[in-house]
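Trainee: sequence? don't have it. structure:
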């Protein structure tokens, strides 16, 4: 930054801080106090946002010791080959990197530092008690405007710099990228003038960094972001108060404003009334108490243990669990115990949220580019904040922290990022009553108790709740809940009777001057199924109508299941069809049940949605991994991110769709199943000012994996075993 | 019955009982004791089945007084116009009927006695405190081989005999029909000889009454049923031991065997090993204890009340709830409180399971006719047995009894048929955390607590769990769970390697000599939505891809929501399509929100399946109500049963499909929404010998019904309010 603009920036920054304090203290006569300027964290949310991401200050939220454990991660050691990098290891890494030639430059940023998992055969062979496999890290760094991928051997301190791919795209933004981007416009006098002209006080400003996507234009050669702003006057829910039509293009590397577009001068900023969702912002008489206290109670404690911080053992399940800056949660080595043999059997080597794709359905200037890919652009895990005990997870939950790395290599702790709890919802595992027809007095039922692993990522306005739910019958349900706050559009209208039939709102009028814009959500899961071993096949069990021959039967038709084993990837590019249904099995062709069925798991879609954008629309090219609901690829350690490793501004040459087009053999191979869960979201007024959770799920379900019902022999609930509880205020 | 066959029957009956006791006491030398013959209820399930349905003996199961209330229904009085008939009313009805000319004949059976609900406008006008509307009953009776529908005015004792319809079909079977049908073959020496030839002791026999459907043959003129039998030797789960291929055609009116078909002489009866699912039948060392006690606890008690036995008031919901012999559960007058006005607003006038359709996919002699319609043929409520406290429903459940009527008009009580409970599953009602991008330290989340109404019908082998779940955000989720026991087919095979690729198994080999036959389940719901009043419209909000014009936008495409108001019934015959998606709204066109959106609810499908049988296949003609997933009809009090009033052996002239073909106007009318939830079921080994619950659901969800999120102002959970619990054994 040249001296003149640095000066201009500083002056501006101070002015803003001054006005801010001025507003905060409600004492117009108080002169600005320099110490308050330095400690504005307590004064304004927007100001806080500038201080929050000093990585030196570990992001530890206050925790209630009754509900969560304090854990000093400084002395964490890895115990399992898949354990994430520890604080010690990250510090060591940083020391290795800083002595490396590449980082002699002052202008570098570390975009990710993650464990480079050992090769799969080594992990499969590794047993507890064996020496830990050599620890390596994959580092993605930007140095002097260039992206690099490195492998760092922690033991040998050896650094391998990989050939940077010829593909387009940039690494996941750092948190520092995101926050500095939102501050950049403030250094621009034109911008500030525009804000003031729109009637917004600069101190009320809140801005969001919006990934630009890629639209085949000149922007290809630099790393760009679009910043849009809101007024937070009168509400913490600034998302409902857009300064509509104002878009600032910022260069992410130089932090300079490239272009300001303002197409919304005539659009008022929606009112703040009834937008604040915080409990503390409600008036007491408005609070609606609907029920008596209710809780899942387990006074004998949970039935699971977490060994060595990451190995979860519950009921008949065992799996490795870790937070991840990009994927959020990674479940590895999921195994279930066979009730007949007592053996732990492999089900899934690795499963995680690989990518999200969230295209908005408004082609106008300030909206067309909103086609988010939340994992690869923002870091799905980076955005997963501490869960709220008792409200995000029930009282009986255990919490797991994440250890992430700031752009300068400093490790920090994201507390309570994942919760693990046993769930009993009053559901039935299995049941049978003999009916009056037979009259046998049999009533047998078993309660369904499950184990839930949960995280919630807040990618700016939206909240994604991702649950991995393990059932004792061998089923894994993967559920995505959407809550949080809509991305809304300002409008001049305050009633739809002002709008002509011909006019396209691109959404629903939710409140005066507020449109909820139509959008889709796609969440693509990587599911490396290993059914009793790595070599598996994908079978499309197609349900087809059969006609009977004349005279064969009084029936004219029936349905038959026809098994088609996928030979190559294209056989496994699946679009779901209600009137051409199939079951989708991953089987082990070499392992059969006693009566000869191949052991397997099936993926069972639930309610979902499909992307219908043009295949050659730039966002759909980048999100081409949503062109099918199911794909199967041969295992390849480098193919984990459905939108490509470098998703930001990518052009879509390195997605699941391009890999799958190679049409590699997948029969009786180590294969990876990909499933995309989708939602069309036409907003409605109930989504204003914060959305009740909408969720959908899919299942991984054993199919001839067990010889018979694996929970046949679990006991029913008996009154004598249940806890004895009293109301809190009677104790 | 002529004297000779009566004698033959008695001799046979005694012989069976003797052998039975012989087996039971394990004392081959004990001589038969006549008093034991009379009290065989304790000796054999099959024997029990003969005694069970003496309607004189009210079917009261032993209840734990801690968990359920004992209620003396003898003095029940109706309080609400929709309250079901009471025992007193049924007794009065019987006295009215027996003095009626039609019933002077000795040969009559009452197939149903149900409240005839007052006309809808009268019910809508009625308020608590008003005098009760005149009480009427609809009676369906068979007299001397003819079906009659009568209206009986309880006050005036007036009886109106309705024109019996020209349609084919017979009323729902009585329980007596079903049980006598299964006994009829035993009076046939040929049958008994066949059983013994198949190596089955007559005392081990268990038989099921299987509705014959209709196949356009000579059977049209009499009421017929097919009986198939099993061996219960060595297991309570006789369903897993079919005497394959043996089908006895029985005349339901004369109780005579019409025809015996045996196509399975060479097929062995599968072994009993590992088929018994009862806890008491397991050996202790085999019991798998997977978890510590866990429970939903509410020590301050439930937050709902049930006024006058049927009016449920919970949180912001109020609805009328009653058991029904045909539908199972009927929810009426569902209203939700508006948080802004405090007003209770109408959502649904009436909702229930109208019909089920369960076609099996095997066209061979002993299977082709298995195309059950469980509500109209068997009575979905009649088959809903007492729920098992702590296992079918959680500890905090309240139980409701049903009052049903035997064929001779005697009322009896079906205890604990419905449960109602509050559910907290650790789920999130809404949430938002501010992300690191904005850095505002906000974490707000609200727990999701719901109210569940549950019943479980055991239609012979299968168990259907139907949940109506009410959420405070206004959503109603209707969920159907499938558990219980498969209908299986005997086979000579014990390994699939014995089977040539060409051979059609019609299912999956589940165990040695046991095939789980492929089948579908369709559950069709009647949903008389009344959104803020009766006159509503159905809107198909179609999501369509739009192409941008060249130069309009860097985007080539986006999705747009196009609203199409259905004018007539054919506009609302909907097949769901993943790539041509819509939202389906029921709106009140006369009532708008503040910003002008019509208030509405939408039906939100979840995972489902569609019937793909030929439209002119006889079972599909009868089940034509599954030809679409959604239908809308104008309200008509006589159109409530999707397969017709008389479904048994019907030919499909009186189904929802035929009503809808009339294409009546439905815009801004009192309309009824019909939704069909479907499952394709290819059995797998995990379903043997009893199935882990599989479930699917759909939602009725407010869409611009409220001005904004109705649960914005509920409080979060606080530690200080939660119960204090101890393990049972520490108290």
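Mentor: Now that the structure is in, tell me what you want to look at. For clarity, every value in this text was computed on a predicted model and none was experimentally measured.

Trainee: from residue A:629, how far out is residue A:525?
Mentor: From residue A:525 across to residue A:629, the span is 11 Å (Cβ to Cβ, to the nearest Å). (Glycine included, C-beta is placed from N, CA and C.)

Trainee: revised request: answer the last question for residue A:592.
Mentor: 29 Å.

Trainee: quick one, which of these two is more surrounded?
Mentor: residue A:629 (25 against 16; other Cβ atoms under 10 Å in any protein chain shown).

Trainee: list the contacts for that one?
Mentor: Taking Cβ atoms under 8 Å, 6 or more residues apart in numbering or on different chains, we find residue A:629 in contact with A:574, A:575, A:576, A:605, A:608, A:610, A:675, A:676, A:678.

Trainee: how about residue A:162?
Mentor: A:148, A:149, A:150, A:151.

Trainee: swap the cut-off to 6 Å and go again
Mentor: residue A:149 (Cβ atoms under 6 Å, 6 or more residues apart in numbering or on different chains).

Trainee: for it, phi and psi?
Mentor: Reported as degrees, to the nearest 10, the phi and psi values for residue A:162 are phi -80, psi 150.

Trainee: so how far is the helix or strand containing residue A:312 from its chain's centroid?
Mentor: Per DSSP states H and E, residue A:312 falls inside strand A:311-314. Remark: strand A:311-314 is offset 22 Å from the chain centroid, using Cα atoms, centre = their mean, to the nearest Å.

Trainee: that one and chain B in contact?
Mentor: No - shown here: strand A:311-314 not in contact with chain B (Cβ under 6 Å from any Cβ of the partner chain), separated by at least 8.1 Å.

Trainee: list the helices and strands the next helix or strand after that strand packs on?
Mentor: Once the chain leaves strand A:311-314, the next helix or strand it forms, by DSSP H and E, is strand A:317-324. Packing partners of strand A:317-324 (3 or more Cβ pairs under 6 Å, 6 or more residues apart in numbering or on different chains; DSSP states H and E): strand A:311-314, strand A:328-337.

Trainee: need those in CSV with mean pLDDT, can you?
Mentor: Below are the helices and strands packed on strand A:317-324 laid out as CSV (pLDDT from 0 to 100):
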stretch, mean pLDDT
strand A:311-314, 98
strand A:328-337, 98
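
Trainee: ranking those strands by burial, who's on top?
Mentor: strand A:328-337 (a mean of 23; mean count of other Cβ atoms under 10 Å in any protein chain shown).

Trainee: per-residue confidence averaged over the following helix or strand past that strand?
Mentor: Sequence order places strand A:344-359 as the next helix or strand after strand A:328-337, per DSSP H and E. Taken as a whole, strand A:344-359 carries a mean pLDDT of 98.

Trainee: do the same with stretch A:455-464
Mentor: 96.

Trainee: what does that stretch rub up against?
Mentor: Identification of contacts with stretch A:455-464 by Cβ under 6 Å, 6+ apart yields A:208, A:239, A:328-329, A:374, A:378, A:380, A:383-385, A:418, A:465-466, A:483-485, A:487, B:431-433, B:435, B:437.

Trainee: go on, stretch A:247-260?
Mentor: With contacts defined as Cβ under 6 Å, 6+ apart, stretch A:247-260 is touched by A:145, A:177, A:180-181, A:184-185, A:188, A:190-191, A:222-228, A:261, A:366.

Trainee: tell me which of those residues fall in strands.
Mentor: The strands, defined by DSSP state E, take in A:224, A:225, A:226, A:227, A:228, A:261 from the contacts of stretch A:247-260.

Trainee: and those residues as JSON lines, adding pLDDT, distance to chain B and neighbour count?
Mentor: Below are the ones in strands among the contacts of stretch A:247-260 laid out as JSON lines (pLDDT from 0 to 100; distance: Cβ to the nearest Cβ, whole Å; neighbours: other Cβ atoms under 10 Å in any protein chain shown):
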{"residue": "A:224", "pLDDT": "95", "distance to chain B": "13", "neighbour count": "23"}
{"residue": "A:225", "pLDDT": "97", "distance to chain B": "11", "neighbour count": "26"}
{"residue": "A:226", "pLDDT": "97", "distance to chain B": "12", "neighbour count": "21"}
{"residue": "A:227", "pLDDT": "97", "distance to chain B": "11", "neighbour count": "23"}
{"residue": "A:228", "pLDDT": "98", "distance to chain B": "12", "neighbour count": "22"}
{"residue": "A:261", "pLDDT": "97", "distance to chain B": "13", "neighbour count": "13"}
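
Trainee: which residue is nearest the middle of chain A?
Mentor: Nearest to the geometric centre of chain A sits residue A:380, at 4.2 Å (Cα atoms, centre = their mean).

Trainee: ok so, going back, and the strand holding residue A:312, what does it pack onto?
Mentor: Contact partners of strand A:311-314 among helices and strands, from 3+ Cβ pairs under 6 Å, 6+ apart: strand A:304-307, strand A:317-324.

Trainee: the same query, at a cut-off of 10 Å, please.
Mentor: Applying 3 or more Cβ pairs under 10 Å, 6 or more residues apart in numbering or on different chains; DSSP states H and E, one finds that strand A:311-314 contacts strand A:304-307, strand A:317-324, strand A:328-337, strand A:411-433, strand A:443-459.

Trainee: make CSV out of the ones you listed and add distance to residue B:362.
Mentor: Listed next are the helices and strands packed on strand A:311-314 as CSV, based on distance: least, Cβ to Cβ, whole Å:
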stretch, distance to residue B:362
strand A:304-307, 43
strand A:317-324, 36
strand A:328-337, 32
strand A:411-433, 23
strand A:443-459, 28
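
Trainee: quickly find the element holding the spatially most distant residue from the centre of chain A.
Mentor: Going by Cα atoms, centre = their mean, the residue of chain A most distant from its centre is residue A:551, 56.7 Å out. Assigned by DSSP H and E, residue A:551 belongs to neither a helix nor a strand.

Trainee: for it, phi and psi?
Mentor: phi 80, psi -10.

Trainee: ok, now how distant is residue A:499 from chain B?
Mentor: 9 Å (Cβ to the nearest Cβ, to the nearest Å).

Trainee: shouldn't that residue be in contact with residue A:491?
Mentor: Yes - using Cβ atoms under 10 Å, residue A:499 is in contact with residue A:491, at 8.9 Å.

Trainee: ok, stretch A:409-420 near chain B or not?
Mentor: Yes - among the residues of stretch A:409-420, A:414, A:416, A:419 lie within reach of chain B under Cβ under 10 Å from any Cβ of the partner chain.

Trainee: out of the residues you listed, who's the most crowded?
Mentor: Of all the residues of stretch A:409-420 next to chain B, the most densely surrounded is residue A:416 (28 neighbours; neighbours counted as other Cβ under 10 Å).

Trainee: let me know the pLDDT of residue A:368.
Mentor: So residue A:368 comes in at 97 (pLDDT).

Trainee: for the closest residue to it other than its chain neighbours, give me its contacts.
Mentor: Excluding the flanking residues, the one nearest residue A:368 by Cβ to Cβ, 6 or more residues apart in numbering or on different chains is residue B:555, at 4.5 Å. Counting by Cβ atoms under 10 Å, 6 or more residues apart in numbering or on different chains, residue B:555 touches A:213, A:215, A:359-364, A:367-369, A:371, A:613-614, A:617-620, B:546-548.

Trainee: weed out the non-buried ones from these.
Mentor: By neighbour count, with 16 or more other Cβ atoms under 10 Å in any protein chain shown, the contacts of residue B:555 hold A:213, A:215, A:359-364, A:367-369, A:371, A:613-614, A:617-620, B:548 as buried.

Trainee: do stretch A:504-516 and chain B meet?
Mentor: Yes - judged by Cβ under 10 Å from any Cβ, stretch A:504-516 comes into contact with chain B at A:504, A:505, A:506, A:507, A:508, A:509, A:510, A:511, A:512, A:513, A:514.

Trainee: just the buried residues of these.
Mentor: Applying 16+ other Cβ under 10 Å to the residues of stretch A:504-516 next to chain B flags A:505, A:506, A:507, A:508, A:509, A:510, A:511, A:513, A:514 as buried.
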